[in-house]
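S.K.: coordinates only, sequence not included:
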């Protein structure tokens, strides 16, 4: 009876350790994925200068400038598209 109890406790310990280890591994993988996504976000922010596209919900859309950035002027480029010049 004692031997069966020891075997049962050992088996339960082994299963619990396997579950714990798999959760620790999963957590480490999730943390690595989060770090990769944060790096991608930082790269995108640097490439877009912090500009943010917004949809106001009434069918209009706009571009939000980061705090501290000022609208300098608007105009057209050679191909006829409208452009906005901003200053930091």
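M.R.: On my side now, so go ahead. Note that the coordinates shown come from a computational prediction; the quantities given were computed from them, not determined experimentally.
S.K.: what is the burial count for residue 50?
M.R.: 13 (other C-beta atoms under 10 Å). No exception for glycine: its C-beta is placed from N, CA and C like everyone else's.
S.K.: same check, this time on the one 4 residues further on
M.R.: Residue 54 is surrounded by 10 other residues when neighbours are defined as other C-beta under 10 Å.
S.K.: next one: phi and psi at the residue nearest to it when sequence neighbours are not counted?
M.R.: Using C-beta to C-beta, 6 or more residues apart in numbering and skipping the chain neighbours, the partner closest in space to residue 54 is residue 62 (5.2 Å). For residue 62, the backbone dihedrals (degrees, to the nearest 10) come out as phi -160, psi 180.
S.K.: just confirm residue 62 contacts residue 51, I think it does.
M.R.: No. Using C-beta atoms under 8 Å, residue 62 is not in contact with residue 51, being 10.5 Å away.
S.K.: the two - which one has more neighbours?
M.R.: residue 51 (14 against 10).
S.K.: find the nearest non-adjacent residue to that one, please.
M.R.: Nearest non-adjacent residue to residue 51, counting by C-beta to C-beta, 6+ apart: residue 63, 5.7 Å away.
S.K.: got the contact list for that neighbour?
M.R.: Residues in contact with residue 63 (C-beta atoms under 8 Å, 6 or more residues apart in numbering) are 51-54, 84.
S.K.: from these, which land in strands?
M.R.: With strands taken from DSSP state E, the overlap with the contacts of residue 63 comprises 52-54, 84.
S.K.: from the residues you listed, which two are the most distant?
M.R.: Distances among those were taken as C-beta to C-beta; the most separated pair is 54 and 84, at 14.7 Å.
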